[in-house]
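Chemist: Only the shape, not the letters, is given here:
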Ligand code: ADP
């Protein structure tokens, strides 16, 4: 894998120059969540410019939201990236950066990277879950990323949770996003963001973090029932936070043995979506 990659999430936008499957240089800026498509393009271009992008180089672009088979980009949760309607992402990236551009969902990219070079090595039926601003994921079955023409496959943040009790920006009720995401933790904890909830450790914050972990454990059991998973890796800044995975494991212990899928931390950390943005789908 050789070239440049961009990862545009709900909180941060990162870009990197990659050679021989390794990140040589990485830059990051906060994502302006309310920005228009054109401003997001400019923000990505500014990072690539600073990395010394040269016309014609390989470029992998991973974004939060749904990316369909034609490379159109749409926010599924209206509260994340409200400026993104139905945007011609692939077309515009190719117009600016040349024809060697691929675009995909950020969690799908991270899933590919973890499956091929990280926590999923050796697993045949594998899922990756990211607990970050929102909840994302991806499923790899016998080496192939589960994909769909509408780009929705793997969007596990919009699965409804038995613990869910609010309306989601997707329009669905009680989804994982309004129950377990970084944004949900902050809302329940009454903190500015999830990071603060982990730092303050107030009673409310603990309850919010525990609810998130419990919902993720249920989701792991559900996905195991559907796909027969033999491993799940957890990533994202919340998923990687100290103590979070062990909370999920504690809740998973309550499931019958058949549904207690082995859990592991994502091993590529914050870089998985960048590394996976350039990988072939298998
Ligand atoms: P993105 O959603 O842009 O992909 P992240 O994976 O970094 O970005 O997720 C952002 C979420 O993670 C925010 O809710 C933020 O508050 C939270 N977060 C960031 N750092 C930490 C940390 N050290 N511990 C717990 N939560 C964190």
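Modeler: Arrived safely, thanks for sending. Just so we're clear, the structure is a prediction, and the values are computed from it rather than from any experiment.
Chemist: hey, let's count contacts and neighbours off CA atoms from now on
Modeler: Noted.
Chemist: Do you have the strands of the stretch 151-282 of the chain handy? List them.
Modeler: 231-235, 263-265 (DSSP state E, counting those that start in this stretch).
Chemist: among the ones you listed, which is the most enclosed?
Modeler: strand 231-235 (a mean of 25; mean count of other C-alpha atoms under 10 Å).
Chemist: so does that strand get close to the ligand?
Modeler: No. Judged by C-alpha under 6 Å from any ligand atom, strand 231-235 makes no contact with the ligand; its nearest approach is 7.6 Å.
Chemist: average pLDDT for that strand?
Modeler: Regarding strand 231-235, the rounded mean pLDDT is 98.
Chemist: now do stretch 253-260
Modeler: What stretch 253-260 shows for mean pLDDT is 97.
Chemist: Any buried residues in that stretch, and which?
Modeler: 259, 260 (16 or more other C-alpha atoms under 10 Å).
Chemist: Can you tell me which residues in the stretch 101-250 of the chain are near the ligand?
Modeler: Residues of the stretch 101-250 of the chain lying near the ligand (C-alpha under 6 Å from any ligand atom): 132, 133, 182, 183, 193, 194, 195, 198, 236, 237, 238, 241.
Chemist: Give me the buried subset of those.
Modeler: Neighbour counting by 16+ other C-alpha under 10 Å classes 132, 133, 182, 183, 193, 194, 198, 236, 237, 238 among these as buried.
Chemist: Turn the residues you listed into CSV, columns for distance to residue 165.
Modeler: Output for these, formatted as CSV (distance: C-alpha to C-alpha, whole Å):
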residue, distance to residue 165
132, 19
133, 18
182, 16
183, 14
193, 20
194, 19
198, 22
236, 23
237, 24
238, 21
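Chemist: between these, which is nearest residue 217?
Modeler: Lowest distance from residue 217 to those (C-alpha to C-alpha) belongs to residue 238, with 14.3 Å.
Chemist: Please list all residues in contact with that closest one.
Modeler: 131, 132, 182, 194, 195, 244 (C-alpha atoms under 8 Å, 6 or more residues apart in numbering).
Chemist: cutoff 10 Å now
Modeler: Residue 238 makes contact with 130-135, 180-182, 185, 194-195, 198, 209, 212, 244-245 under the criterion C-alpha atoms under 10 Å, 6 or more residues apart in numbering.
Chemist: got it, and residue 206?
Modeler: If you count contacts by C-alpha under 10 Å, 6+ apart, residue 206 has them with 185, 188, 189, 197, 198, 200, 212.
Chemist: Understood, closing this out.
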